[in-house]
Structures are given as C-alpha cells and as structure tokens.
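Q: predicted model and sequence below, questions to follow.
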Amino acid sequence: MRYQEILPLPALQAYIRYFWVLESGEEQVGSKQFKILPDGIPALIYQDTPNRFRDEQRQYTPQLYVYGAFTTYTNQLVDGPFRIIGAYFEPTALKAIFKFDASELANQNVPLDDLVSTSLLDQLQQAPTTQEKIELLSDFVLQQVQTLRYANQKAIFASTLLQRGRSLAEVQAQMNLSERTLERLIKQHVGMTPKLFSRIMRFQTSLQLLKTTDFNTLTTLVYQQDYFDQSHFIREFKTFTGNNPTQFLKYSEEKLSNFPAWKKEEED
C-alpha cells in the first residue's frame, strides 16, 4: 500500500489536521480487512471507486461521506484495488464546518449530500489528479467555514486540555465550568461525553507508546498512563480494538493512523 499526508492551507489548519491518501495499487485482488480504531477525530472521506469498502453487515460506505467520532472499533472489508482521500478534522470542527452538533453525527458514516447541497462529488470524479482533488476538498471546507463563521473557543480549549491528558476535574477547575456544563460542551462539539473522550485519548496515548516503545512488560505503561492495573488496561484496550495488546501488535499493519490492515490469523 502507498500512503501520504498533505498539510492543509494555513486558513484551514484550525479545522483540518491533515489530508491523507491511501491506495492499494493494482496488485491487490480479493478482499482485505481493515480495523478502524476510535480516536475522537471526525473526517471527510472520498473514494475514487464506489462500492469498495463495506462493513460486517455488507453495507457499503458512501463514495463521499462524513463520519463523526466513533466510540468503539469497527471492521471494514475492501473488495479489490482502491484509492481513498481523507481530511482528518480537529475534534471540534464538525459544528464549525456543517453547523450540526457533533453528537448528531457520532458513530455514523453520512453521505455529504445529506448534510449540504453540493456538486463536490461530481467535481472530484472529474478531477484528473490527486492534487486537484485535495484542492477541491480544501475549497469546499474553506467555503463552509467562511459561510458559517462559527467557533466556540471554550469547546476548543476544553478539547485541547483533554487531549493533553488533563483530568475532568482539572479541566473544570481551570475553565471554571460545572460538570454538567463541560459535558454539554463536549457532547455538542466532539460528539461524546468528556469522560469517554478522555478515555479514548488515554487509550490513544497508550497505543502510541505500545507501538513505539520497547516495554519488557506492560506494567510500566499501565502505571505511566494511570490505569488501575494491567487487567484494567487490557479491558480498555479490547474495548477500543477488539483484541489484547499482543494480538494487536501481531496482526495489525498500519500505514494510516488508526486504520490498520488486519492480517488473517491463519497466515501466521
């Protein structure tokens, strides 16, 4: 597989973390499984070829769609060669781009046409190069944010603190917010409760450490990330990946962050 990341225009960096392109190459035949991990990040996705990616219920994802932040892992199968282009948004960007509360889009793949009236899909299909497709996606998002002109600085700041590992109590104290106000703010702009968002952020930090640090045992990681014990960490890991850490490292092949290809166990 081939993978690349492209930084957004300066005017979009408050809304888009980066664009990415993932393609299999023509050598792929048959089906391949991918595991999608929760990371608190919504996205806009375009597939060059429709009816490639499908879930475990055999429902195909739309060719051009938005997904809200997912709160658990999902599995997808891709049939044949593919190329997909995505824009990873900031956690609070959905409301600024589409005006919808993030909670309305959580755990869903929603066709873009269901959210806004646009000819973007036709334009993307006609654009001959990846660069032109990314320019079209950039122009679309820029037009949306300039039209809506919405930003909630409290939500952005609270989300940033939670991503940095601050506890809910610390965020409430620093921002002088009640528990209920913080919950309403994060659910509206991120799409889940602050507690769940915080758990996902801790899982993501632990996952990166697991992939990049040579731990002799999990104990160091467990206490470094303030899990109660190793059993607690493994339960959380299974909740967000469907596997224990050993299985995940053994069978996942990751090019795109939180979208690893999954090797079949019989290939081991």
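A: It's in.
Q: hmm, Ala106 is touching Gly68, no?
A: Yes - applying C-beta atoms under 8 Å as the test, Ala106 and Gly68 come out as touching, 4.2 Å apart. For glycine as for every other residue, the C-beta is placed from the backbone atoms N, C-alpha and C.
Q: torsion angles phi and psi at Ile234?
A: Main-chain dihedrals, Ile234, degrees, to the nearest 10: phi -70, psi -40.
Q: residues touching the nearest residue to it once chain neighbours are set aside, list them.
A: Excluding the flanking residues, the one nearest Ile234 by C-beta to C-beta, 6 or more residues apart in numbering is Asn244, at 5.5 Å. Going by C-beta atoms under 8 Å, 6 or more residues apart in numbering, Asn244 touches Ile234, Phe237, Lys238.
Q: again, but for Asp55
A: So Asp55 contacts Thr61, Thr74, Asn75, Gln76, Leu77 (C-beta under 8 Å, 6+ apart).
Q: swap the cut-off to 7 Å and go again
A: By C-beta atoms under 7 Å, 6 or more residues apart in numbering, the residues touching Asp55 are Thr74, Gln76.
Q: now do Pro10 against Ile16, distance only.
A: Separation of Pro10 from Ile16 (C-beta to C-beta, to the nearest Å): 11 Å.
Q: higher neighbour count, those two?
A: Counting neighbours by other C-beta atoms under 10 Å for Pro10 and for Ile16 shows that Ile16 has the greater number, 25 against 7.
Q: per-residue confidence for the more buried one?
A: Here, the pLDDT recorded for Ile16 equals 98.
Q: that one and Phe89 touch, don't they?
A: Yes - counting by C-beta atoms under 7 Å, Phe89 is a contact partner of Ile16 at 5.9 Å.
Q: in the stretch 51-200 of the chain, which spans are helices?
A: For the stretch 51-200 of the chain, the helices defined by DSSP state H, counting those that start in this stretch occupy 93-98, 120-126, 130-148, 153-163, 168-175, 179-189, 194-212.
Q: look up the closest residue to Cys3, ignoring the ones flanking it.
A: Let me fix one detail, which is that residue 3 is Tyr and not Cys. Using C-beta to C-beta, 6+ apart and skipping residues adjacent in sequence, the residue nearest Tyr3 is Lys255, 4.0 Å away.
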